[in-house]
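# Turn this into a model:
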Amino acid sequence: MKAARWHGVKDIRVEQVDEPAVGPGEVKLKVAWTGICGSDLHEYLAGPIFVPVGEDHPLSHDQAPITMGHEYSGTVTEVGEGVTNVVPGDRVVIEPIFACGTCPACLEGKYNLCDSLGFVGLSGGHGGFAAYSVVPARMVHKMPDALSMEQGALVEPSAVALHAVRMSKIKAGDTAAVFGAGPIGLLVVEALRVAGAAQIHVVEPSEVRRQKALELGATSVIDPSVEDAVATIRAATGGVAVSFEVTGVPQVLQQCIEATRHEGQVLIVSIWEKAAAFQPNTVVLKERQLLGSIAYRHIYPAVMELMMQGYFSADKLVTKRIALEDITTEGFDALVAEKSHVKILVEAPE
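So this is what the prediction gives:
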């Protein structure tokens, strides 16, 4: 079968690989749609970050080259011995976290904080940029009939956003700022609406993405190339209760801190390619909080319930649909060159 595999920086190849076989406790699915994630783009431009190179990942037991893709939906075609949660024909989405189950975080149920954390399609396994995938049965969630397969491919990134907002101290009626209106930033805007934020100020240089933020419920949008984002936010709010860093751009972190009020909170959602500096006194002297958020846990059912209420809509967020053969030129390279894109979905080959 055809699969898109990471071999190195700016070296993703669509090539023939063996179709994966299902084993005990595993589920095989025919992939439908897979989203290109910001994490995939980081691996393409500056990896390896999560991709294991030269040494097997401790849980996937794989190393590069690996089949990419972790935001995906599909139809179950076969189940292994002992699998009871799904049957062939079920439409499913994948929660692609590798977790050991035995470290302190896993024993607390916080498997997204596993000491050996990994992701199918980043850390090994049979990722979604392929015709078929095989995953452990615990990673599979049945989709409600009301949700399309395209919508299913948005469950994973929506889970990232909803988990970040749940981790924050945002309360109904609070003010918030979102720095970065890429796919996750826009999903954070919607998650903030769910949480009842009264004001949501979005900082984003792309005109198309600013307009999309307004469409999804932002109170205001700010172009940081033409105005001082911190000054504008503070003039409107006196400082927001929570700011969300969703750019991964080092100089933005300090802006996120300064945009919050005293005792405000900065929620860092990005995966970083390099270090970011900030002035600790801006945290200390106002008793602000810095908090990180990674992936999600115990949240897929809630995401799909919200989708059935109209949140995290594929119709509003998907800007391009491409074939697997075009994943580099029409996918990764397009995301680098054209900041107007929000979410690009890749259709699985037959």
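
# low pLDDT regions in the chain?
For the chain, no stretch is flagged by pLDDT under 70.

# Farthest from the middle of it: give me that residue.
L285 (32.8 Å; Cα atoms, centre = their mean).

# any idea how far Q279 is from that residue?
Relative to Q279, L285 is positioned 10 Å away (Cβ to Cβ, to the nearest Å). No exception for glycine: its C-beta is placed from N, CA and C like everyone else's.

# With L107 instead?
When L107 is compared with Q279 (using Cβ to Cβ), they lie 37 Å apart.

# any idea how far stretch 269-281 is from the chain center?
Centroid separation between stretch 269-281 and its chain, computed with Cα atoms, centre = their mean, to the nearest Å, is 19 Å.

# Kindly check the end-to-end length of it for me.
Distance across stretch 269-281, first residue to last, is 22 Å (Cα to Cα, to the nearest Å).

# Same question for stretch 67-87.
Using Cα to Cα, the end-to-end distance of stretch 67-87 comes to 25 Å.

# Could you do stretch 85-97 as well?
OK, stretch 85-97 end separation, Cα to Cα: 18 Å.

# For E273, which residues are in contact?
Contacts for E273 (Cβ atoms under 8 Å, 6 or more residues apart in numbering) come out as H42, L45, A46, I49, G248.

# and if you look at G35?
E71, Y72, A153, L154, E156, P157, P183, K343, I344, L345, V346.

# beta partners for it?
E71, L345 (DSSP bridges).

# Just the buried residues of stretch 70-85, please?
Buried residues in stretch 70-85, counted by 16 or more other Cβ atoms under 10 Å: H70, E71, Y72, S73, G74, V76, E78, V79, G80, V83.

# from the residues you listed, which two are the most distant?
E71 and G80 (23.6 Å; Cβ to Cβ).

# all helices for the stretch 1-150 of the chain, in order.
Using DSSP state H, counting those that start in this stretch, the helices of the stretch 1-150 of the chain run over residues 38-46, 104-107, 149-152.

# quick check, distance from the last one to the centre of its chain.
Pointing back at helix 149-152 there. The answer for helix 149-152 is 15 Å, by Cα atoms, centre = their mean.

# same check, this time on the first one
Centroid separation between helix 38-46 and its chain, computed with Cα atoms, centre = their mean, is 12 Å.

# cool, the second one as well?
In terms of Cα atoms, centre = their mean, the centre of helix 104-107 is set 22 Å apart from its chain centre.

# One more: stretch 198-205?
Counting by Cα atoms, centre = their mean, stretch 198-205 comes out at 19 Å from the chain centroid.

# Look up how far R234 lies from the spatially most central residue of the chain.
Nearest to the geometric centre of the chain sits P157, at 3.5 Å (Cα atoms, centre = their mean). Separation of P157 from R234 (Cβ to Cβ) stands at 30 Å.

# right, and the residue nearest to the centre of the chain touches L186 too?
No. Contact criterion Cβ atoms under 8 Å: P157 and L186 do not qualify, at 9.5 Å.

# care to break the chain down by domain?
Split into domains by automatic domain parsing, the chain comes to 2-154+312-347, 160-292.

# I299: which of these is closest?
domain 160-292 (5.5 Å).

# just the CA coordinates of stretch 294-313, formatted as PDB?
Extracted as PDB, the C-alpha positions of stretch 294-313 are listed here (Å, rounded to 0.1, in the frame of the first residue of the first chain):
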ATOM      1  CA  ILE A 294       0.200  18.700  26.000                       C
ATOM      2  CA  ALA A 295      -2.300  16.800  23.900                       C
ATOM      3  CA  TYR A 296      -5.400  15.600  25.900                       C
ATOM      4  CA  ARG A 297      -6.700  12.900  28.100                       C
ATOM      5  CA  HIS A 298     -10.200  11.400  28.700                       C
ATOM      6  CA  ILE A 299     -11.800  14.000  26.300                       C
ATOM      7  CA  TYR A 300     -12.700  12.500  22.900                       C
ATOM      8  CA  PRO A 301     -16.300  11.800  23.800                       C
ATOM      9  CA  ALA A 302     -16.800  15.400  25.000                       C
ATOM     10  CA  VAL A 303     -15.300  16.700  21.800                       C
ATOM     11  CA  MET A 304     -17.600  14.600  19.600                       C
ATOM     12  CA  GLU A 305     -20.600  15.800  21.700                       C
ATOM     13  CA  LEU A 306     -19.600  19.400  21.100                       C
ATOM     14  CA  MET A 307     -19.200  18.700  17.400                       C
ATOM     15  CA  MET A 308     -22.800  17.500  17.200                       C
ATOM     16  CA  GLN A 309     -23.800  20.900  18.700                       C
ATOM     17  CA  GLY A 310     -22.000  22.600  15.900                       C
ATOM     18  CA  TYR A 311     -18.600  23.400  17.400                       C
ATOM     19  CA  PHE A 312     -15.200  22.600  15.700                       C
ATOM     20  CA  SER A 313     -16.900  22.400  12.300                       C
END
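
# What lies in contact with that stretch?
So stretch 294-313 is contacted by 93, 95, 97, 109-113, 117, 119, 141, 143-144, 146-147, 151, 154-155, 158-163, 166, 187, 190-191, 193-194 (Cβ under 8 Å, 6+ apart).

# Go again with 7 Å.
Contacting residues not belonging to stretch 294-313 are listed as 93, 95, 97, 110-112, 141, 143-144, 146-147, 151, 154-155, 158-160, 162-163, 187, 190, 194 [Cβ atoms under 7 Å, 6 or more residues apart in numbering].
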